[in-house]
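In: sequence plus predicted model, see below.
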Amino acid sequence: MPTHLEHFTTEVTPAQTPSRTFLEISRQAGNFPTALARVPEGSAEVSVWCSNDYLGMGQHPLVLAAVHDAVAKFGAGSGGSRNIGGTNHRHVELERELADWHGKDAALLFTSGYTANDGALTVLAGTPDDTVVFSDELNHASIIDGLRHSGATKRIFRHNEVEHLAQLLADTDPELPKLIVLESVYSMSGDVAPLAEIAELARRHGATTFLDEVHAIGMYGPEGAGIAAREGIADRFDIIMGTLAKGLGTVGGYIAGPNGLIDYVRATSRAFVFTTSLPPATAAGALAAVRHLRGSELERQRLAENARLLHRLLDDADIPYKSSDSHIVSAVVGDDTLCKQASALLLDRHRIYVQAINAPSVREGDELLRIAPSATHTPTDVKEFAEALAGIWRDLGITTASARRGSS
Ligand code: PMP
């Protein structure tokens, strides 16, 4: 019986299209929290504490220069899909750089991280059609959607629970092809997956592994190549998926992996084939960001220091947060109305913007302020932010960390 991975080593021609297409009626749009900032009238400046431009690369002079240069050379857009006129040197260079960064054969760009997950998983999880997918319960919507679109059988394991995953694998027919999909740093909780243990389980069960490193690339590991690289096990993950929109400060997404598999996705993923490619200037900006971050520890160090300081100050103020594993600091409010009030007060009193995250983005009772310090904040900014938050926590009577511990 071939493993799941071996199904992708056959040659495919670019003319091939997926054997199945999936059209899902989108879910009702109601009830989703607005992502719009409430900016006080007449205000000139707001200090942002929920941006995903974690390293400030969206403003970095090298990135801006690369973008300007590429706009001057190639114009504003790419002019077509990758297969029909829309492939530029910058796309190809960036794909080579990303593959090299992750120690993989090849990489493939998509127009967003969402599209990379959705487009790649639709075909990878759906081929062959008896593949069983094992997916962490907190995986991002783009992963969930790709798996849905694939039509594959899904087994959902409890968040970061290796034993539950082991059980589900053991209960599955050993002959069936298997795919494990997970994130390294989870977007809402900021905790890190037990990658080595999951990689070992995958090896034992012959499962292919797909790792979303969207909140890790640029920020962790040697040259910023991510958490798997930090743990020296990037080779244990068949596909590493990333975004250009967070640590790299631009927009776009990608997967990196073995040649056969990348060619398969290139040839069959409708989300890759049937859309206009990224503007070359965006690819040039992301390329400058990767190259810079591979050689510079400064941004990573500053982000890590800011995150450490914030963790310490929140501990001092008895403010509960989900995890100290990463730079994503999710302060748990645990109530929908209080969460919105806390966010509004931060803005009105202190001109600080942090979006309230309520259900369905998180479970009910888990409502939180997702705080993202950046490498561009100073230690003084972090202290002022923590003081402002502590005042609001007190004034609104939000449950403290010790009270939470006492009641659990
Ligand atoms: N994966 C994860 C874990 C995410 O949090 C996100 C977006 N926040 C994405 C994928 C999609 O990335 P993008 O914003 O580049 O579409």
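Out: Arrived safely, thanks for sending. Numbers count the residues shown, from 1 in each chain.
In: contacting residues for the closest residue to the ligand within the chain?
Out: Going by Cβ to the nearest ligand atom, the ligand is nearest to Gly113 of the chain, at 2.4 Å. To be clear about C-beta, it is placed using only N, CA and C from the backbone, and glycine gets the same treatment. Counting by Cβ atoms under 8 Å, 6 or more residues apart in numbering, Gly113 makes contact with Ser142, Val214, Met241, Gly242, Thr243, Leu244, Ala245, Gly252, Gly253.
In: could those be laid out in CSV, adding distance to the ligand, pLDDT and secondary structure?
Out: As requested, the contacts of Gly113 are exported to CSV (distance: Cβ to the nearest ligand atom, whole Å; pLDDT from 0 to 100; DSSP: H, G, I helix; E, B strand; the rest coil):
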residue, distance to the ligand, pLDDT, secondary structure
Ser142, 5, 98, helix
Val214, 4, 98, coil
Met241, 7, 99, strand
Gly242, 9, 98, strand
Thr243, 3, 98, strand
Leu244, 7, 98, coil
Ala245, 4, 98, coil
Gly252, 7, 98, coil
Gly253, 5, 98, strand
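In: what's the closest of those to Leu313?
Out: Nearest to Leu313 out of these is Val214 (Cβ to Cβ; 26.6 Å).
In: please look at the closest one and Lys246 and confirm they touch.
Out: Yes: between Val214 and Lys246 there is a contact at 6.2 Å, judged by Cβ atoms under 8 Å.
In: show me the contacts for the residue most central in space within the chain.
Out: Centroid-nearest residue in the chain, with Cα atoms, centre = their mean: Val214, separated by 2.7 Å. For Val214, the contact set (Cβ under 8 Å, 6+ apart) comprises Gly113, His140, Glu183, Val185, Ser187, Met241, Gly242, Thr243, Lys246, Gly253.
In: and the furthest pair within those?
Out: Once Cβ to Cβ is applied, the contacts of Val214 give Val185 and Gly253 as the farthest pair, at 15.8 Å.
In: the more surrounded of those two?
Out: Gly253 (27 against 24; other Cβ atoms under 10 Å).
In: bridged to the more buried one, which residues?
Out: Note on Gly253: beta-bridge partners Phe110, Thr243, judged by DSSP bridges.
In: can you tell me how far it sits from Ser142?
Out: 9 Å (Cβ to Cβ, to the nearest Å).
In: same deal with Gly79?
Out: In terms of Cβ to Cβ, Gly79 sits 26 Å off from Ser142.
In: would you check that Thr276 makes contact with Gly80?
Out: Yes: Thr276 lies in contact with Gly80 (Cβ under 8 Å); the separation is 6.3 Å.
In: what sits in contact with each of those two?
Out: With Cβ under 8 Å, 6+ apart, Thr276 and Gly80 have common neighbours Gly86.
In: contacting residues around the closest residue to Ala401 other than its chain neighbours?
Out: In space, Ala401 comes closest to Pro320 once its chain neighbours are excluded; the distance is 3.9 Å by Cβ to Cβ, 6 or more residues apart in numbering. By Cβ under 8 Å, 6+ apart, the contact set of Pro320 is Ala331, Val332, Thr399, Thr400, Ala401, Arg404.
In: what about those, which are in helices?
Out: Using DSSP state H, Ala401, Arg404 are the members of the contacts of Pro320 that sit in helices.
In: quick one: the contacts of Pro320 as TSV, columns for distance to the ligand and pLDDT too.
Out: Output for the contacts of Pro320, formatted as TSV (distance: Cβ to the nearest ligand atom, whole Å; pLDDT from 0 to 100):
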residue	distance to the ligand	pLDDT
Ala331	18	98
Val332	19	97
Thr399	26	97
Thr400	28	97
Ala401	25	97
Arg404	25	93
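In: just the buried residues of the contacts of Pro320.
Out: Among the contacts of Pro320, the ones that count as buried by 16 or more other Cβ atoms under 10 Å are Ala331, Val332, Thr399, Ala401.
In: the second one: what's it in contact with?
Out: For Val332, the residues meeting the contact criterion (Cβ under 8 Å, 6+ apart) are Pro320, Tyr321, Lys322, Asp366, Glu367, Leu368, Arg404.
In: just give me the neighbour total for Ala317.
Out: For Ala317, the count of nearby residues is 17 (other Cβ under 10 Å).
In: how about the contacts made by it?
Out: Ala317 touches Ala386, Leu389, Ala390, Trp393, counting by Cβ under 8 Å, 6+ apart.
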